[in-house]
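Colleague: Give me coordinates for this.
(one chain, ligands or ions: 1)
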Amino acid sequence: MLSTIVNEIVQSGGRAFEVGGCVRDYILSLPCKDLDIEVFDLDADTLTAILEKFGRVDQVGASFGVIKLKANDGTEFDFTLPRRESKTGQGHRGFQVDVDHTMTLAEAAARRDYTLNAIYRCASNGEILDPHGGLADLNSKTLKATSPHFAEDPLRVLRGMQFAARFDMSIDSHTASLARSLRAEYSTLARERVWAEWHKWATRGRTPSCGLRLLESTGWLELYPELSALIDVPQDPEWHPEGDVWTHTQLVCDAAAAIADREELDEFDRTVLIFSALCHDLGKATTTKFVDGRWRARGHCEAGVPLTRRFLESIGCPESIIVVVEPLVAEHLAHANPAQSPKAVRRLSHRLGDATMVQLVHLVEADMNGRPPLPRGLPDSVRQMMEIAGKLNVQKSSPQPIILGRHLIALGHQPDVWFGDVLRACFEAQLDGDFESEAEGIRFLKKTLSNQ
Ligand SMILES: Nc1ccn([C@@H]2O[C@H](COP(=O)(O)OP(=O)(O)OP(=O)(O)O)[C@@H](O)[C@H]2O)c(=O)n1
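Modeller: As a prediction, this is how the structure comes out:
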């Protein structure tokens, strides 16, 4: 279908190029999600007339140079016309757009953020045209602004963060200074846009640390005070030979990404794991002290919980993720308790609430793997903990109360305020292992009632 459309465009005197993420991904031998095609030397009306032969044309964005085609075979394409964009106000809508089909490739590409996203691929013969040197930058793994237009959208710094994490790149010094000058505009960005980039950082990043280093080198890390507070926070060299808490956090994020790949985690579990890796030691910033000849951070797990919430809310993270990350941060050292008993495991699994033991184990492994040159892998206490969790069937969900209000009603009681106290006592007993089946639970309930 596309080649027929392109033929028609060429016969009408136009030139069609794939451009943007699809060309970058093609060069990197990655699958392409969305095909963006930019058409030169044809005006909007002529292009629309051609596209209408192939399906339904949506011209809503035509004044911005974007024409969408839903082809008769169901495929969808975005056709763009070359355009100049100039900033007229704050936010990503404060732009004046001038569509001009006579622009050169280099001129049109100058509105694009990074050189790696400004490479064209001729839709007729596959020839690569690279007006801003994107290929060399991809080879040297450098994120470089295409032009001073970069500064027109501060979100591009966060786009850079996720590209760095996805493609293992770093930012060039000139672009880093441009990014630094945009810091004050961070507050103008809509949270949904900020979250979209952080989400890509977590779900698509193979080396999340590259994205974090980009934030550091552009001064944008200071916009996230909970993270920047970790820089230079000391750790005991015997437990953490890798260095300060920020260094450890970056290594743990990379280790978490490797575990997410190995375990083929779904998008939700991967997001949870990467953000819990990022946040697991936030509490060390406020709790680290030199005690008894060592740097210690007693209570950092609990102290990290409100900091985790504050940071995640600030980047627009959905509540459904925050409520899972919080208990993981709170419990990331639970395995260090030497006595692993069914009672301890049941109680831990209950404290995890919306999170699961499996999610906790992934975080613990990432935490262990982020301390080079110490050995990687899970400590024996975690294996023991998971063995018990397996027997109790609480690896993937926390224990649910066996004894409920209906059991009290079945014993002839009318619903009353005291129900709550009795049911809580039963659940505590269940967590302690006093009963496991419903029949045993009812016996326990009867005994409790007769003792009252
Ligand atoms: N703030 C932005 C957003 C987008 N673009 C340009 O528009 C293209 C398409 O943007 P988008 O679909 O958001 O991202 P992709 O680069 O395709 O990357 P991804 O794989 O993350 O979708 C980019 O390649 C880039 O050329 C830009 O210059 N500045």
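
Colleague: quick one: what helix or strand has residue 39 in it?
Modeller: Residue 39 is located in strand 36-40, with elements delineated by DSSP states H and E.

Colleague: typo on my end, residue 270
Modeller: Residue 270 belongs to helix 267-279 when assigned by DSSP H and E.

Colleague: For that helix, what is the distance to the chain centroid?
Modeller: Between the mean C-alpha location of helix 267-279 and the chain-wide mean there is a distance of 7 Å, by CA atoms, centre = their mean, to the nearest Å.

Colleague: just checking, what packs against the lengthiest helix in the chain?
Modeller: Of all segments of type helix in the chain, defined using DSSP state H, the longest is helix 245-262. Using 3 or more CB pairs under 8 Å, 6 or more residues apart in numbering; DSSP states H and E as the contact test, the elements touching helix 245-262 are helix 208-217, helix 267-279, helix 357-369. For every residue, glycine as well, the C-beta is placed using N, CA and C.

Colleague: Run the contact check for the shortest one versus the ligand.
Modeller: No. Where contact is defined by CB under 6 Å from any ligand atom, no part of helix 208-217 touches the ligand; the two come within 12.7 Å at best.

Colleague: buried stuff in the helix or strand just after that helix?
Modeller: Per DSSP H and E, the first helix or strand lying C-terminal to helix 208-217 is helix 225-228. If you call a residue buried by 16 or more other CB atoms under 10 Å, then helix 225-228 has these buried ones: 226, 227, 228.

Colleague: And stretch 251-266, by the same measure?
Modeller: For stretch 251-266, the buried set under the neighbour-count rule, 16+ other CB under 10 Å, comprises 251, 252, 253, 254, 255, 256, 257, 259, 260, 265.

Colleague: Residues in contact with it: which ones?
Modeller: Among residues not part of stretch 251-266, those counted as contacts by CB atoms under 8 Å, 6 or more residues apart in numbering are 205-209, 212, 242, 269-270, 273-274, 276-278, 280-281, 362-363, 365-367, 369-372, 376.

Colleague: Backbone dihedrals for residue 76, both of them.
Modeller: The phi and psi torsions at residue 76 (degrees, to the nearest 10) take the values phi -120, psi 140.

Colleague: Please give me every residue in contact with it.
Modeller: 68, 69, 70.

Colleague: Need the residues you listed in TSV (columns: distance to residue 188, secondary structure and neighbour count).
Modeller: Formatted as TSV, these follow (distance: CB to CB, whole Å; DSSP: H, G, I helix; E, B strand; the rest coil; neighbours: other CB atoms under 10 Å):
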residue	distance to residue 188	secondary structure	neighbour count
68	28	strand	17
69	33	strand	24
70	34	strand	15
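
Colleague: Where does the stretch 201-350 of the chain get nearest to the ligand, which residue?
Modeller: Using CB to the nearest ligand atom, the closest approach of the stretch 201-350 of the chain to the ligand is made by residue 204 at 7.3 Å.

Colleague: and the gap between the closest residue to the ligand within the stretch 351-452 of the chain and residue 376?
Modeller: Nearest residue of the stretch 351-452 of the chain to the ligand: residue 366, at 24.4 Å (CB to the nearest ligand atom). The gap separating residue 366 from residue 376 is 10 Å, by CB to CB, to the nearest Å.

Colleague: What residues does the stretch 101-250 of the chain have near the ligand?
Modeller: Residues of the stretch 101-250 of the chain that fall close to the ligand, judged by CB under 6 Å from any ligand atom: 112, 113, 117, 153, 155, 156, 159, 200.

Colleague: Sitting in helices, which of those residues do you find?
Modeller: Of these, the ones assigned to helices by DSSP H are 155, 156, 159, 200.

Colleague: Please name the nearest non-neighbouring residue to residue 183.
Modeller: The spatially closest residue to residue 183, leaving aside those adjacent along the chain, is residue 219, at 5.6 Å (CB to CB, 6 or more residues apart in numbering).

Colleague: I should have written residue 253 there, sorry.
Modeller: Residue nearest to residue 253 in three dimensions, not counting chain neighbours: residue 208, with 4.0 Å by CB to CB, 6+ apart.

Colleague: Surely the one you found is in contact with residue 166?
Modeller: No. Checked against CB atoms under 8 Å, the pair residue 208 and residue 166 is beyond contact range at 9.4 Å.

Colleague: More neighbours: which of the two?
Modeller: For residue 208 versus residue 166, neighbours defined as other CB atoms under 10 Å are more numerous around residue 208 (28 against 20).

Colleague: what does the model give that one for pLDDT?
Modeller: Per-residue confidence for residue 208 comes out at a pLDDT of 98.

Colleague: just residue 61 next, same as before
Modeller: Reading off the per-residue confidence, residue 61 sits at a pLDDT of 78.

Colleague: Am I right that it is in contact with residue 81?
Modeller: No. Look at residue 61 against residue 81 with CB under 8 Å: they stay out of range, at 10.2 Å.

Colleague: Overlap in contacts, these two.
Modeller: Taking CB under 8 Å, 6+ apart as the criterion, residue 61 and residue 81 both touch residue 67.

Colleague: In terms of neighbours, single out the busier of the two.
Modeller: Between residue 61 and residue 81, counted using other CB under 10 Å, residue 81 has the larger neighbour count: 22 against 13.

Colleague: list the contacts for the one residue in the chain that gets nearest to the ligand?
Modeller: Distances from the chain to the ligand, computed as CB to the nearest ligand atom, single out residue 21 as the nearest residue at 2.1 Å. Counting by CB under 8 Å, 6+ apart, residue 21 touches 32, 33, 34, 36, 117.

Colleague: The closest residue to the fourth one other than its chain neighbours: neighbour count?
Modeller: Among residues not flanking residue 36 along the chain, residue 20 sits closest, at 4.5 Å (CB to CB, 6+ apart). Applying other CB under 10 Å, we find 24 other residues in the vicinity of residue 20.

Colleague: For residue 20, give me the pLDDT.
Modeller: At residue 20, the pLDDT recorded in the model is 95.

Colleague: same deal with the one 4 residues further on?
Modeller: According to the per-residue confidence, residue 24 scores 97 in pLDDT.

Colleague: Dihedrals phi and psi, it?
Modeller: Listed backbone geometry of residue 24 is phi -60, psi -50, with angles given as degrees, to the nearest 10.

Colleague: Please look at it and residue 138 and confirm they touch.
Modeller: Yes. In this structure, residue 24 is within contact of residue 138 by CB under 8 Å, at 7.2 Å.

Colleague: Fine by me, thanks again.
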